[in-house]
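Visitor: Sharing a model that was predicted from the sequence below.
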Amino acid sequence: MDAAYTEDVARAFPLSPPGGHRLVKHTETPRSANQNLDNKGAAAAAHAAALIWTGDTSDIKGATVLLVDDVFTSGSQLQHVARRLRATGAADVRGLVLARVPWSG
């Protein structure tokens, strides 16, 4: 991430500074691990509601936002956070995950 941030001198693809997290959560929310789909959705909604944008919210208006997450299980987490960003004015929200939990069926 440091190299990508350093190379983007034109700010054509603005990145958060290394270590400068834009969405943070300061309160504990229900865990979704080992829960059924309904409970995962409820936990994801609570998580998204607890997130705080640390920058200027005008940065979101009309922007394409890339959410990066470590593990994709049901998709509820990305979906709820994306809805919140869209409601704040993001033009598009994309998700990038590093791993997918195996299907259990």
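Guide: Thanks, I have it. Note that this is a predicted model, so its numbers are computed, not measured.
Visitor: which one is Ala44 nearest to, not counting chain neighbours?
Guide: The shortest distance from Ala44 to any non-neighbouring residue, by C-beta to C-beta, 6 or more residues apart in numbering, is to Ser76 (3.6 Å). C-beta here means a position set from N, CA and C on the backbone, and glycine is covered the same way.
Visitor: who touches the one you found in this structure?
Guide: Neighbour list for Ser76: 32, 37, 40-41, 43-45 [criterion: C-beta atoms under 8 Å, 6 or more residues apart in numbering].
Visitor: let's go with 10 Å and repeat that
Guide: Ser76 makes contact with 32, 37-45, 47-48 under the criterion C-beta atoms under 10 Å, 6 or more residues apart in numbering.
Visitor: Could you take these and lay them out as TSV, with extra columns for distance to Asp56 and neighbour count?
Guide: Putting the contacts of Ser76 into TSV (distance: C-beta to C-beta, whole Å; neighbours: other C-beta atoms under 10 Å) gives the following:
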residue	distance to Asp56	neighbour count
Ser32	30	20
Leu37	36	11
Asp38	36	9
Asn39	35	14
Lys40	32	20
Gly41	30	18
Ala42	31	17
Ala43	29	20
Ala44	26	22
Ala45	25	19
His47	23	19
Ala48	20	21
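Visitor: what residue ranges in the protein are flagged as low confidence?
Guide: Applying pLDDT under 70 to the chain flags residues 1-19, 105.
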